[in-house]
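Colleague: Here is a sequence together with a model predicted from it:
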Amino acid sequence: MQSLFSLAFAAFGVYLLALSVYRLYLSPLAKFPGPKLAALTRWYEFYFEVIKRGQFTFHISDLHKQYGPIVRITPHELHVADSKFWSTLYGPGRIDKYDVLQQRQNIPRSIFATPESDLHRLRKAPLLPLFSRQRISEFQPVIREKLDILCSKIDEYVQSGKSFKIDRALSAFSGDVITTYVFGQAYNHLQSPDFKETFHEPFMAASEAGHLANQFHWLWKVVGSLPDSVGMAIQPLVVPVILLARDFSAKLEAIQAGTAKENSDHPTILYELVRSDLPPSEKTISRLTEEAQLLVAAGLTTTSWVMSVTAFYIIRDKSIYTRLRSELDTAIPDSTKPLSLQTVEKLPFLNACIREGLRLGYGVSARSPRLWPKSLQYAGWTIPPRTPVSCTIVDHNHNEEIFPDSWTFNPDRWLDPFIEQWFFSFGKGSRGCLGVNLAMAEMHMCLSTLFRRYQFELFETDESDVKLAHDFFLISPKLDSQGVRVNVREAERLLD
Ligand code: HEM
């Protein structure tokens, strides 16, 4: 028995040795620059993502300073820090995503996580028309209705003189907008006292757990199979995501059974997907639940975070605030009348503030590798076909040649039309953001309303509360941040 054990141990040792020799010297990626440890094992990535909690993105930026614009970051992956390469890598064409990352968010059959480009195309097709400019324009009354609720809640802070967390208010707003569009009914987080109840914490916890699931693909299955009480004891924040998925499933069952009541004022995504000509295998409750989870998470966390970052910088800088207020006062002479998206989306300075907020808020901070079917050329290097290669928005947004003084919030840089070609915040190509029109509509309507109606001041909040400190795929500032806290009063009219 003991000799059998020794034999197995020795065989494992030989296997590890052979694997190491292959990865370091024989692999088609062996010639690419980068640390030997990263080429040898994914534990390198594990250390920065799991132990150091979302630090690999920053470490990759440091590796580029040492090794140049192309670096081997894992045994199987390359990373490029070059803004000019974006349009090639994320350009049009049938490009697969990296299947190793498919399990990280526990939504492997959602469009975001689907690796194969043909299957992705099939799944995305019925969603595209629902997020067109036209459809989002027709959805304005819902955004306006949620804005009215948001303003009525802010009015209570005006009356009481109490400070509040504007990031939580915006999270509740975006959450209620997207859940209304996905299910036809909101979770009414805008009504929760001090916006305490939002999906923010569960989604962030799930997002961080994704780093672990990225290494151990069975993680979500194990957590899902545990009794809730055991799961709660191990990771109390992740269980709400699993409960949420069950709630989404129950809603879908009701829709498929025809027992849920459809809202006729606007199309509702899940009803449309159930009615779509997707094959039946694509319309199962479990598959559509994953799609719903993606839509809510993608729609809520990115948009509300970018709005919070934008709001912070506008409030902090008096001259930016005053310029924006005067543009809004002119464009919206009567702030009590229904706001039109078509009016506010044309405002140059508001637009510039939002683009700059997107630049410093990033939206998504992690890499998203693509696998090209053919070999790719980059700066004299030939990248073998189907090698996972990525660029990161954080590197691009701090490219000092394109965005000089890149850590400064400077909306004016977006007033030069030349810069538009470098706007990558919503990704590119067929895998680019599905929700860009909805996100832009929410940001324009919400920020113009808030800054037209109210005068905000920061309360015990500084830049570290909005600065990316942990890449959990979603953006996280320092972990002990208390949020973006503000005092508020009614705005006085500037132009009379
Ligand atoms: C400020 C807000 C937002 C930002 C910065 C943002 C950014 C992005 C980026 C960069 C990607 C591409 C990721 C990749 O290449 O792997 C993406 C994908 C996606 N986004 Fe957004 N997003 C925002 C808001 C939204 C909203 C409101 C929705 C609404 C549901 C949404 C839904 C999606 C979906 C479904 C995908 C996956 C698309 C696909 O795989 O084909 N996003 N987003």
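Modeller: Ah, there it is.
Colleague: for the nearest residue to Q55 once chain neighbours are set aside, what are its contacts?
Modeller: The shortest distance from Q55 to any non-neighbouring residue, by Cβ to Cβ, 6 or more residues apart in numbering, is to F48 (4.7 Å). Backbone N, C-alpha and C define where each C-beta goes, glycine included. By Cβ atoms under 8 Å, 6 or more residues apart in numbering, the contact list for F48 reads Q55, F56, H59.
Colleague: Please name the nearest non-neighbouring residue to the last one.
Modeller: Which is H59. Closest to H59 by Cβ to Cβ, 6+ apart is F48, at 4.9 Å.
Colleague: that older thread, give the helix, strand or coil label for the residue nearest to Q55.
Modeller: helix (DSSP: H, G, I helix; E, B strand; the rest coil).
Colleague: How much space separates L89 from T392?
Modeller: 11 Å (Cβ to Cβ, to the nearest Å).
Colleague: for the residue of the stretch 251-400 of the chain found nearest the ligand, helix, strand, or coil?
Modeller: When scored by Cβ to the nearest ligand atom, the stretch 251-400 of the chain has G363 as its residue closest to the ligand, at 2.3 Å. Using three-state DSSP, the structure places G363 in coil.
Colleague: pLDDT value on the closest residue to it other than its chain neighbours, please?
Modeller: Nearest non-adjacent residue to G363, counting by Cβ to Cβ, 6+ apart: T302, 4.4 Å away. As predicted, T302 sits at a pLDDT of 95.
Colleague: Contacts only, for T302.
Modeller: So T302 contacts G363, V364, A439, L474 (Cβ under 8 Å, 6+ apart).
Colleague: which one of these sits closest to Q256?
Modeller: A439 (28.7 Å; Cβ to Cβ).
Colleague: you'd agree the closest one is up against T301?
Modeller: No: taking Cβ atoms under 8 Å as the definition, A439 is not a contact partner of T301, at 11.2 Å.
Colleague: related to what we said a few turns ago, which members of the contacts of F48 occur in helices, if any?
Modeller: F56, H59 (DSSP state H).
Colleague: out of the contacts of F48, which is most surrounded?
Modeller: The residue in these with the most neighbours, by other Cβ atoms under 10 Å, is F56 (25 neighbours).
Colleague: Skipping adjacent residues, who's closest to the residue in the stretch 51-200 of the chain that the ligand sits nearest to in space?
Modeller: Nearest residue of the stretch 51-200 of the chain to the ligand (Cβ to the nearest ligand atom) works out as F112 at 4.0 Å. The shortest distance from F112 to any non-neighbouring residue, by Cβ to Cβ, 6+ apart, is to L294 (5.2 Å).
Colleague: tell me the pLDDT at the one you found?
Modeller: 95.
Colleague: How many neighbouring residues does the residue nearest to E345 when sequence neighbours are not counted have?
Modeller: Nearest non-adjacent residue to E345, counting by Cβ to Cβ, 6+ apart: H444, 4.9 Å away. H444 sits with 22 neighbouring residues when counted by other Cβ under 10 Å.
Colleague: Could you do R370 as well?
Modeller: If you count neighbours by other Cβ under 10 Å, R370 ends up with 22.
Colleague: So for stretch 343-361, what gets flagged as buried?
Modeller: By neighbour count with 16 or more other Cβ atoms under 10 Å, stretch 343-361 contains the buried residues 344-345, 347, 349-361.
Colleague: Could you list the contact residues of the stretch 1-150 of the chain toward the ligand?
Modeller: Residues of the stretch 1-150 of the chain found near the ligand (Cβ under 6 Å from any ligand atom) are I111, F112, K124.
Colleague: 8 Å instead, please
Modeller: Y90, K97, S110, I111, F112, A113, T114, H120, K124, L127, F131 (Cβ under 8 Å from any ligand atom).
Colleague: and the second one, bridged to which residues?
Modeller: Applying DSSP bridges to K97 gives these bridge partners: R370.
Colleague: hmm, back to that, just the buried ones from the residues of the stretch 1-150 of the chain next to the ligand?
Modeller: Buried members of those, scored by 16+ other Cβ under 10 Å, are Y90, K97, S110, I111, F112, A113, T114, H120, K124, L127, F131.
Colleague: Tell me the secondary structure of G175, please.
Modeller: Applying three-state DSSP: G175 is helix.
Colleague: got the residue ranges for the strands in the stretch 251-400 of the chain?
Modeller: Assigned by DSSP state E, counting those that start in this stretch, the stretch 251-400 of the chain shows strands spanning 370-371, 376-378, 381-383, 388-390.
Colleague: show me what contacts R168?
Modeller: D194, F195, K196, T198, H200, G483.
Colleague: three-state assignment of it?
Modeller: Looking at R168 with three-state DSSP, the answer is helix.
Colleague: And it, how far from R275?
Modeller: On the measure of Cβ to Cβ, R168 and R275 end up 35 Å apart.
Colleague: Equivalent analysis for A469, please.
Modeller: 44 Å.
Colleague: on that earlier part again, give me the subset of the residues of the stretch 1-150 of the chain next to the ligand that lies in helices.
Modeller: H120, K124.
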